[in-house]
Structures are given as structure tokens and as C-alpha cells.
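Chemist: heads up, no residue letters with this:
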Ligand SMILES: Nc1ncnc2c1ncn2[C@@H]1O[C@H](COP(=O)(O)OP(=O)(O)OP(=O)(O)O)[C@@H](O)[C@H]1O
Ligand SMILES: [Mg+2]
């Protein structure tokens, strides 16, 4: 059988660079070496791409060796070039989280270069990354979300008191304030009273020029893995039970006891069935492809389901929620990667079959 030549892109320019080093190490280890030849390309925090010649992956975390003779250049329509030679690459796994990895920019770039890749295209990646646009689309489709006010930095600076009154009149306190496009809870605050309001907005605007204000919901956090392009598969649901005030950056990555992952989540069958249906609808509404993790709130009192967000490249280690939910229902990590590869090829064939020239 002919082996496929796969490149893993990892690292990247976002605040989630270090998470990517872990995710990509796991992906490399679990890709079936009988089916794939693997190349690694590390992207530094400054955005330089380095081909990793004779790499070693024997810890949980990949390194990026910055050898200037192995800098990668991109040749549109041709591929990736190192030392004047195009690398033989049939497929790319962009295992990058956040800005410049998961937000559509990388996907657009790879589309221009002309190499098929894993996951959603430029459009879906952007729509899922922009929490405000995603919510507008879901709301229009009649899918349940937490209400929100979207604020642009320019408007906030012009009239901060007006924003504060609008938020107070609509939601009171507590509210959540978060950047529209950051991830990993960076810049997210729970605001208990008006004294904290401006500090939280200033913090969120450090990371984005658009910010969301939402009422704080008293809810369980339930996650659902989705795999597929059109015929979607869902799996057991998982619950995140943070031990912090909310699922903040420390609870996610620093405090080892920051959150419990409960698989499967203990919820009524009827609610689970409805969540899986909503997960598929939310995924299709944003034109997502390949795989994603859909995150829900489940109101502790009313059991109302609300879609919070979708991560198109969720944390991807073998102990991340995304892969563990798939594995719980029998789709092991290596088979999951095979599936994502096939779905990426299928998506690319569909793109190639379009006639753009008329
Ligand atoms: N309206 C809300 N009510 C209650 N808790 C919230 C609300 N919005 C956010 N949170 C809490 O803050 C956490 C982070 O918010 P959110 O999921 O919106 O962004 P993010 O996690 O930074 O994005 P990503 O998952 O892409 O990294 C949530 O997991 C939840 O614990
Ligand atoms: Mg989140």
C-alpha cells in the first residue's frame, strides 16, 4: 500500500502555542506509521516555519528546533519548500490552536498553497472563531444561545458609560465579559458588580477589538465531539466540572486539579439526545468539516440547553476531552486520525470539483 506523506504543523503564533506542542506530540505518536510518512513543521511564536529534520518525539511535548537552513517557504500552487526543494506532502494536519491557526487564516493559506488539510476550511474556521458571528448565525437558525451584547472597541472608547448602562439594563450582574476571538479563557472575566465592569472590559479589549457581554448562567458545562463532513457522528457527552469560579486559564492548564472531566456526563437520555441533535445543527450551520468539539451550558435549575461555542481544533491529546469522548464510543485515537484524514481528502475533492473559472 502506498503511504501518504503527512505534515503536522504545530506551535503557532497564538497564546495557545504551548497547548499545540502537546496536542501535536500526541497526534504524531498516534498516526499509523504503516499508513503515513510523517514530517513535522514547527511554527515559532514569531511565525517562522521550521522543518524538523530527523525529529525526536519521545516526551509529551514537541520542541521546535530553529535551524535556519530548514526554514520553510510557501509556494502558492506548488507546496512547501525547504532548501530549494518542494517537500513531498500530500496532506497537512494543522494542529494549531487559536489565532493564526484555528481562525481561518491558516486554512486560507493552505488552500492557496493547494495542499489538502484536516478539519474545517477558511469559512467555517472563521465563523466558529468569532463568537459573536457564530451566535448570530445560531440564533437565526433558531438554535439556543446565551443572550449577548457585542461591543466594538471604538464605540467603547467613545462612550464607556453608555455601554455600562446598556449592559446593566439588559443583564444586571453578574455578567461574563470576553474577547470575541481569544481562546483558552484568555481575557475572560466574571463581573460581580459595577465596580469591576470597566476593568473587565479593558482586559478583554487587550486581546480583541470586539468583546461580548453575557449574563452569567448557572450551568453545567457539557461537551460533545462531532466528526464528519455531512453525515455527522456524535459520541458520549462529557462534563467539565471546574473547581475554580469558572473554567478559567488556570483551571484549564495550570492547576492539575482545576477541573474534573466526567465521561460520560450523567444526564437524562432525552437531554443528551437533544444536545447531540443541537451539536450537529450548530456544526452544519457554520459549515464545519472534519471534526470539532461543541460546548454547551446546561442550566442547573431549568435544564435549558444553550450552545456556548465550537472549537474547530480542540485540545487534541489522548487525554483531551475531544479524543476521549470518541474513544469512549469505540473510535480510538489512531482510527479517529484516519477518519479525519479521509474527511479532509473528501473535503478537498469537493473543493477541486468546483468550477471557479467562470
Ligand atoms: N455566560 C456565561 N455564564 C457562565 N459562565 C461562562 C459564561 N461565558 C463563559 N463562561 C465561563 O468561562 C469559560 C470560558 O469561556 P468561553 O468558553 O466562552 O471562552 P474560551 O474558553 O476562552 O474559548 P475556547 O474554549 O475557544 O478556548 C467557560 O468555559 C465558562 O466556565
Ligand atoms: Mg470554552
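Modeler: Right, received. Where do you want to start? Computed from a predicted model, the values in this text were never measured in an experiment. Residues are numbered from 1 along each chain as shown. Ligands and ions are numbered 1, 2, ... in the order given.
Chemist: and the stretch 101-250 of the chain, which residues reach ligand 1?
Modeler: The stretch 101-250 of the chain has residues 146, 176, 178, 182-185, 188, 214, 216-217, 221, 246-247 near ligand 1, with proximity defined as CB under 6 Å from any ligand atom. Every residue, glycine included, has its C-beta placed from N, CA and C.
Chemist: can you list those residues in TSV and add secondary structure?
Modeler: Output for these, formatted as TSV (DSSP: H, G, I helix; E, B strand; the rest coil):
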residue	secondary structure
146	coil
176	strand
178	strand
182	coil
183	coil
184	coil
185	coil
188	coil
214	strand
216	coil
217	coil
221	strand
246	coil
247	coil
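Chemist: Looking at the residues you listed, state which has the most neighbours.
Modeler: Counting neighbours by other CB atoms under 10 Å, residue 183 leads those with 27 neighbours.
Chemist: can you point me to the longest helix in the chain?
Modeler: The single longest helix within the chain, with elements called by DSSP state H, is helix 333-352.
Chemist: If we go by neighbour counts, what in that helix is buried?
Modeler: Neighbour-count burial for helix 333-352, counted by 16 or more other CB atoms under 10 Å, picks out 333, 336, 337, 338, 339, 340, 341, 343, 344, 345, 347, 348.
Chemist: Contacts only, for the fourth one.
Modeler: Read that as residue 338. With contact set as CB atoms under 8 Å, 6 or more residues apart in numbering, residue 338 has these partners: 32, 35.
Chemist: For stretch 316-332, buried residues please.
Modeler: Neighbour-count burial for stretch 316-332 [16+ other CB under 10 Å]: 316, 317, 318, 320, 321, 322, 323, 324, 325, 326, 327, 331.
Chemist: and residue 170, how many neighbours does it have?
Modeler: Counted by other CB under 10 Å, the residues lying close to residue 170 total 13.
Chemist: ignore the last one, residue 48
Modeler: Residues near residue 48, counting by other CB under 10 Å: 15.
Chemist: pLDDT on stretch 217-233, on average?
Modeler: Across stretch 217-233, pLDDT averages out at 98.
Chemist: How far does that stretch sit from its chain's centre?
Modeler: 12 Å (CA atoms, centre = their mean, to the nearest Å).
Chemist: List the buried residues in that stretch.
Modeler: Buried, per 16+ other CB under 10 Å, within stretch 217-233: 217, 219-229, 232.
Chemist: so can I have JSON lines of those residues showing secondary structure?
Modeler: Formatted as JSON lines, these follow (three-state DSSP):
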{"residue": "217", "secondary structure": "coil"}
{"residue": "219", "secondary structure": "strand"}
{"residue": "220", "secondary structure": "strand"}
{"residue": "221", "secondary structure": "strand"}
{"residue": "222", "secondary structure": "strand"}
{"residue": "223", "secondary structure": "strand"}
{"residue": "224", "secondary structure": "strand"}
{"residue": "225", "secondary structure": "strand"}
{"residue": "226", "secondary structure": "strand"}
{"residue": "227", "secondary structure": "strand"}
{"residue": "228", "secondary structure": "strand"}
{"residue": "229", "secondary structure": "coil"}
{"residue": "232", "secondary structure": "coil"}
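Chemist: Pull the most distant pair out of the residues you listed.
Modeler: Distance extremes for the buried residues of stretch 217-233: the farthest pair is 217 and 229 at 31.6 Å, using CB to CB.
Chemist: which residues touch whatever residue of the stretch 51-200 of the chain ends up closest to ligand 1?
Modeler: In the stretch 51-200 of the chain, no residue comes nearer to ligand 1 than residue 183, which is 3.3 Å away by CB to the nearest ligand atom. Contacts were defined as CB under 8 Å, 6+ apart; by that measure residue 183 touches 14, 15, 16, 97, 98, 102, 311.
Chemist: And the strands in the stretch 51-200 of the chain?
Modeler: 73-75, 79-82, 85-86, 91-94, 149-152, 175-179, 189-191 (DSSP state E, counting those that start in this stretch).
Chemist: Using CSV, lay out those together with mean pLDDT.
Modeler: Output for those, formatted as CSV (pLDDT from 0 to 100):
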stretch, mean pLDDT
strand 73-75, 97
strand 79-82, 98
strand 85-86, 98
strand 91-94, 98
strand 149-152, 97
strand 175-179, 97
strand 189-191, 97
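Chemist: for the stretch 201-350 of the chain, what spans make up the helices?
Modeler: For the stretch 201-350 of the chain, the helices defined by DSSP state H, counting those that start in this stretch cover 249, 269-285, 321-328, 333-352.
Chemist: May I see these organised as TSV, with mean pLDDT added?
Modeler: Output for the helices of the stretch 201-350 of the chain, formatted as TSV (pLDDT from 0 to 100):
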stretch	mean pLDDT
helix 249	80
helix 269-285	98
helix 321-328	97
helix 333-352	96
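Chemist: between the ones you listed, which one is nearest to residue 150?
Modeler: Residue 150 lies closest to helix 269-285 among the helices of the stretch 201-350 of the chain, at 18.0 Å (CB to CB).
Chemist: Quick one: work out the angle between the closest one and strand 219-228.
Modeler: Computed with axes from the mean of the first three to the mean of the last three CA atoms, to 10 degrees, the direction of helix 269-285 lies at 60 degrees from that of strand 219-228.
Chemist: Can you report how many residues lie near the spatially closest residue to residue 310 that is not a sequence neighbour?
Modeler: Excluding its sequence neighbours, the residue lying closest to residue 310 (CB to CB, 6 or more residues apart in numbering) is residue 128, at 4.5 Å. Residue 128: 27 surrounding residues under other CB under 10 Å.
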